[in-house]
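Q: What follows is a predicted structure for the sequence shown.
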Amino acid sequence: MGFFPDYWVSGLDTFFYFLGIEIGLLAIALGLLLSVGLSYFYCLLNIQEVPENYVWIMEFQGGFKVQWAAGGHMYFPLFNWFKHRSEIYLGERKIEIFPDSEDFIDMLDASCHFKAEVTIKVEFSVVATYNIDNYKEAVRSRVAGLMRHYFSKMTLNQANTEKGSLPAKNVISQNNQNASSIVNPFNKYFFKEILDDWGVRILKIILDDIQIPAEDIALRKKLQALDVEKKLAIGNKDIAITKSEGDAKAIENIARAKRFELEQEGLGVEQQAEALMKIDGVTVPMVLTLINERYKYTMLQKGTLIIDNIGGSIAGDGAKFGAGMKLQDKNNKQKGE
């Protein structure tokens, strides 16, 4: 017999037996609750929210490509099941074609900065992710290169004309590619090629402005001033020529009226010629023309009519031809007949 009675020992064994069971069950319950709590928080902390109007390109197990649409997705980063490859915006995106203000296009007679932008929309997210490293930069560079090539063959005035011939808001698109010669390089094959290669649809290219450097503006103003002076000089010359022609016509009309007056007075051809040559500005060819309007020569006879430097005019070929010409009044001839 021990220190404690036997029935005491038997009761303590029973107590500790049931106490051990309860502690064990409690430990198990606490472990389960802790596991559930940790799992919950792990999942909660690793749910990834894809923004609205975006899509995520995920690689599953290093190979399979999965697209996550907008909403919540379980990531499980510790298991390395998914790898986040890219985030693609599904709406329209504007990209400045020449973001550097010092980036000039060299034309035939000037170098200018073009303020332009391209509007794109991703149609095939996986293609845009895996076929090109940076689809936005690729599209920008492609459009910029084509614009450089096209405008390098133009003068600044031609480029401005091309810009002004675009549809409203200076838009180049696949739908209006026949609206202007500028869109010829931007044909349907250009738009389709970028869509097929990179999964990106070009909606429109906007050419806002052609910015001319200050030194080129000063040079163009100087050239324009010289051009205006040249046109004024040509205009003054034309005015002088017109005035001279008008004076000659006036002298001819005065001479014609004088000839008619002399004819009414009954003066002969020689007297009429001499009187006409005394009028300022009247020349020998003019006299011969006026006389031949009324008279007609019938035969050449040396010495009959000689007009030579009368009234200070120098006799030309018409005077030499007129020397020795016999003229006859048709009216008098008709009367004699």
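A: Done, it's in. Residues are numbered from 1 along each chain as shown.
Q: Can you check the distance spanned by stretch 91-105, start to finish?
A: 30 Å (C-alpha to C-alpha, to the nearest Å).
Q: pretty sure Gln67 is in contact with Trp56, am I right?
A: Yes. Here Gln67 reaches Trp56: they are 7.1 Å apart, a contact under C-beta atoms under 8 Å. The way it works is simple: take the backbone N, C-alpha and C, and place the C-beta from them, glycine included.
Q: ranges for the helices of the stretch 51-200 of the chain?
A: Assigned by DSSP state H, counting those that start in this stretch, the helices in the stretch 51-200 of the chain fall at 125-130, 135-151, 156-164, 188-198.
Q: And Phe60, what's its pLDDT?
A: The score at Phe60 is 77. That number is its pLDDT.
Q: measure it to Val122 for me?
A: From Phe60 across to Val122, the span is 21 Å (C-beta to C-beta, to the nearest Å).
Q: So for those two, which sits in the more crowded spot?
A: Per other C-beta atoms under 10 Å, whichever of Phe60 and Val122 has more neighbours is Val122, with 21 against 11.
Q: Strands of the stretch 51-200 of the chain, residue ranges please.
A: 54-60, 64-68, 71-74, 82-89, 93-96, 105-106, 111-122, 171-172, 200-211 (DSSP state E, counting those that start in this stretch).
Q: a markdown table for the ones you listed, including distance to Glu22?
A: Converted to a markdown table, the strands of the stretch 51-200 of the chain look like this (distance: least, C-beta to C-beta, whole Å):
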| stretch | distance to Glu22 |
| --- | --- |
| strand 54-60 | 46 |
| strand 64-68 | 48 |
| strand 71-74 | 37 |
| strand 82-89 | 44 |
| strand 93-96 | 65 |
| strand 105-106 | 86 |
| strand 111-122 | 62 |
| strand 171-172 | 80 |
| strand 200-211 | 67 |
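Q: Please identify the most buried of the ones you listed.
A: strand 171-172 (a mean of 20; mean count of other C-beta atoms under 10 Å).
Q: Give the other helices and strands that that one contacts.
A: On a contact count with 3 or more C-beta pairs under 8 Å, 6 or more residues apart in numbering; DSSP states H and E, strand 171-172 meets strand 200-211.
Q: List the pairing partners of the strand it packs on within its sheet, with orientation.
A: strand 111-122 (antiparallel), strand 171-172 (antiparallel) (DSSP bridges).
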